[in-house]
Structures are given as structure tokens and as C-alpha cells.
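A.B. asks: Got a predicted model here, sequence first, then my questions.
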Amino acid sequence: MDRFTRNAVIGSGVITVLLILSVLPWGGMAFGPRIWQLNDVLKQDPILAEYPYEFKALLFLNGIVTLTRPYDAGIAMNEVLMAMDPTLAGKPADDPAVVAARDRLQRMEFHAIGLMLAEPDVDSIVWSPDRAWLNRQGIDFAPPVQALGGSM
């Protein structure tokens, strides 16, 4: 290999390394996918850490974060609250303890939303029921609705 070819290969290698280093995210949690970073934000929050349900980020796309929550429209809220706090079993929905548990869940949801929206690249939040958690708790829920339309 002549001198020019050797220098060209070395120069190309240096430029390639510099290009790769320039596109890497530099910062506190630099080398993990963004979804891992968002989940770390949720896990490290002391307020959410005290709550019996662990909110998780499932998807991050175009500034929209999909967060899990333990209920949805087709899932009875009281059943979810009783799974998190067995002392609520048998109490009616208007019992002060059930109302307080429901309010606390909503406050935790708003807190999780606030944490996510505080991130500079997050613009919006979408909720998704945590089917794995519901299944572990033995709570019945409807299967996801199939999209209508053509085949793939």
C-alpha cells in the first residue's frame, strides 16, 4: 500500500469516528435508548416510588410518550384500587377511603404527566392500560379492539 492510500484510509477512519461521536447523545444518561431514560425519570421520582403501582413509559415517538396506568374505560376502577390496597375490599365506591384512593391515583397520574412534560423533547402523553399488571392481579379486561380494514 502506498503512502497516499494509507493516509486516505487513516483519514477516512478518523472522519468516520468523529461523525459517529458527533451523533451520539452526550449527557447524563447518554448511551441508552430514550425510552429507558424516560423510565428512569419515573423510577427515580421519590413521590412515585412510594405508590403501589409503577408507571412505565412504553413508547416514545415524535414527542408523544405512551404511559401505562392500571385501568381504562373497560376496567372497573374499584377493582384496581382493591388490588393496590386490599383494605378497600367490600367498600362502596362512595366510601371516603375509596374516594381518597381514587384521588391519590389521579394525583399520581398528574405527577407522572408533569415529570414527562418537564422533559424537553416530550410534547404530549397518551395512556395505555397496563395489561401485564392487570393480568398479574387477576383482573379481567377486554382484549384490545382489532382495527377494521384491509389486510397487510
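C.D. replies: Nice, I can see it.

A.B. asks: can I assume Leu81 is in contact with Leu88?
C.D. replies: Yes: taking contacts as Cβ atoms under 8 Å, Leu81 lies within contact range of Leu88: 5.4 Å. The way it works is simple: take the backbone N, C-alpha and C, and place the C-beta from them, glycine included.

A.B. asks: quick one, which of these two is more surrounded?
C.D. replies: Leu81 (25 against 18; other Cβ atoms under 10 Å).

A.B. asks: check contacts around that one.
C.D. replies: By Cβ atoms under 8 Å, 6 or more residues apart in numbering, the contact set of Leu81 is 88, 98, 101-102, 105.

A.B. asks: so what sits against both of Leu81 and Leu88?
C.D. replies: 98, 101.

A.B. asks: Run the chain-centre distance for stretch 100-119.
C.D. replies: The chain centre lies 13 Å from the centre of stretch 100-119; the measure is Cα atoms, centre = their mean, to the nearest Å.

A.B. asks: avg pLDDT for that stretch?
C.D. replies: Mean per-residue pLDDT for stretch 100-119: 97.

A.B. asks: Contact partners for Asp45?
C.D. replies: Asp45 neighbours (Cβ under 8 Å, 6+ apart): 111, 115.
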